[in-house]
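Participant: Provided below are the primary sequence and the corresponding predicted coordinates.
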Amino acid sequence: ISWDGCYFRRDIGFRALKRLSPPRVGIVLGSKSDLPVIEGAQKTLEELGISYEVVIASAHRTPERVREYAIEASRRGLKVIIAVAGLAAHLPGVLASQTELPVIGVPVAAALGGLDALLSIVQMPKGIPVATMAIGKAGAINAAVMAAKILALGDPQVAERLRRYRAKLAEA
Ligand code: RP5
């Protein structure tokens, strides 16, 4: 499996991503049906000038793909993984168990209002954390902001863009 290039984006049929440099954030979705949840997150990352990729890999339907992605993520230059899933949402935890990168989990409301996914993601055993966001679109946007905050620790440009982003929120 090659994770580089446009293969998965073409597969998804998603609009062209602003990706001038190698991705620093990897957004992994448990299903194509999760795509609408991350639109705001994508816009936020673009506004903050953070390169990202979108990949579909399911902890249950394509576990080998998830494993390969987690194992290769750091070597490929990714700094943060955002994992988005609904129902028995094992994806963020399974990724976190196989990479040293920080994993941010976003529960999707596919059933039970998303409470099932929230609890699946947040209740990690000690030693393997997943930074768990709110359910749905707001959580996905916050995942993008959280990823930016992590990157900002070593990137003054991202820190400055985040400062402006927050000023804009206050203004609004
Ligand atoms: C999860 O189950 C996905 O993350 C999605 O939120 C939910 C439903 O998936 P589909 O049946 O729509 O593929 O794996």
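Facilitator: Now that the structure is in, tell me what you want to look at. Being a predicted model, the structure only gives us computed values, none of them experimental.

Participant: residues from this protein in reach of the ligand?
Facilitator: Where the chain comes near the ligand, counting by Cβ under 6 Å from any ligand atom, the residues are 30-31, 33-34, 58, 85-87, 108, 110. C-beta here means a position set from N, CA and C on the backbone, and glycine is covered the same way.

Participant: the strands in this protein, which residues?
Facilitator: 25-29, 52-56, 80-86, 103-108, 131-132 (DSSP state E).

Participant: parallel or antiparallel, which strands does the shortest one pair with?
Facilitator: Partner strands and pairing direction for strand 131-132 (DSSP bridges) are strand 103-108 (parallel).

Participant: one more: the first one?
Facilitator: Strand partners for strand 25-29, identified by DSSP bridges, are recorded as strand 52-56 (parallel), strand 80-86 (parallel).

Participant: which of the ones you listed has the lowest average pLDDT?
Facilitator: Among the strands paired with strand 25-29, strand 52-56 carries the lowest mean pLDDT, a mean of 93.

Participant: follow-up on the earlier one: deepest of the strands paired with strand 25-29, which one?
Facilitator: Of all the strands paired with strand 25-29, strand 80-86 carries the top mean neighbour count, a mean of 28, counting by mean count of other Cβ atoms under 10 Å.

Participant: distance from that strand to the middle of the chain?
Facilitator: 4 Å (Cα atoms, centre = their mean, to the nearest Å).

Participant: cool, and stretch 24-41?
Facilitator: Centroid separation for stretch 24-41 versus its chain: 7 Å, with Cα atoms, centre = their mean.

Participant: with distance to residue 168 added, can I get the strands of the chain in a markdown table?
Facilitator: Formatted as a markdown table, the strands of the chain follow (distance: least, Cβ to Cβ, whole Å):
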| stretch | distance to residue 168 |
| --- | --- |
| strand 25-29 | 21 |
| strand 52-56 | 20 |
| strand 80-86 | 22 |
| strand 103-108 | 22 |
| strand 131-132 | 24 |
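
Participant: residue 122 touches residue 134, doesn't it?
Facilitator: No. Between residue 122 and residue 134 there is no contact under Cβ atoms under 8 Å: 10.7 Å.
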